[in-house]
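Visitor: Could you look at this predicted model? Sequence included:
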Amino acid sequence: MSANQHFETRSDENGVVLCLANTGGYDTVDYGDLQTALLRFAEQTRPQLLVVDLSNVGYCSTAVINALMQLRNQLAEHGGSLRLAGMSSEVREAFGHLRLDGTVFQIYDTTDAALAEA
């Protein structure tokens with residue numbers, strides 16, 4: 001398992017799972033660092049399937065959503081795909097209100113479910 005201050009990753013036979021740290025206490029610099037770390041990770045590893053586990057995230061700011069959208073776009077440039085999993089009901093509701101669930105992002109209840117769709 002690799003780690004940095006923003007996330008940990010693990011590989012599965014179907015893809016890579018990236019578990020985000022709790023972003024609730026982040027400030028502007030932290031959000032920028034998160035986005036940079038996510039994009040660097042995607043560029044270095046170029047996974048075919050990346051599942052982002054949001055189970056540690058109690059509040060998902062627009063900065064986090066923007067970072068996830070940038071990540072999704074970068075993965076797509078190299079033929080990869082991004083799935084989200086493990087959201088709290090509040091975070092999932094926010095994605096629904098923004099009409100991101102099923103349009104921009106494929107969202108699953110668990111990382112296992114996201115990986116099983118491979």
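Guide: Received it, and whenever you're ready, just let me know what you need. Numbers count the residues shown, from 1 in each chain.

Visitor: From the contact counts, what lies against the helix ranked longest in the chain?
Guide: Counting by DSSP state H, the longest helix found in the chain is helix 28-45. Using 3 or more C-beta pairs under 8 Å, 6 or more residues apart in numbering; DSSP states H and E as the contact test, the elements touching helix 28-45 are strand 7-12, strand 15-20, helix 62-77. For the C-beta atoms, the positions are set from N, CA and C on the backbone; glycine is no exception.

Visitor: Next, count neighbours for L38.
Guide: If you count neighbours by other C-beta atoms under 10 Å, L38 ends up with 23.

Visitor: which stretches of the chain aren't confidently modelled?
Guide: The chain contains residues with pLDDT under 70 at 1-3, 118.

Visitor: which residues pair with the spatially most central residue of it across the strands?
Guide: Centroid-nearest residue in the chain: V52, 3.3 Å away (criterion: C-alpha atoms, centre = their mean). Taking DSSP bridges as the rule, V52 bridges to L18, L84.

Visitor: and among the helices and strands packed on helix 28-45, the most buried is which?
Guide: Comparing the helices and strands packed on helix 28-45 by mean neighbour count (mean count of other C-beta atoms under 10 Å), strand 15-20 comes out on top with a mean of 22.

Visitor: what packs against that strand?
Guide: Packing contacts for strand 15-20, counted by 3+ C-beta pairs under 8 Å, 6+ apart, involve strand 7-12, helix 28-45, strand 49-53, helix 111-116.

Visitor: And for stretch 110-118, what's in contact with it?
Guide: Contacts to stretch 110-118, defined as C-beta atoms under 8 Å, 6 or more residues apart in numbering, come from residues 12, 14-15, 17, 49, 51, 53, 83-86, 106, 108.
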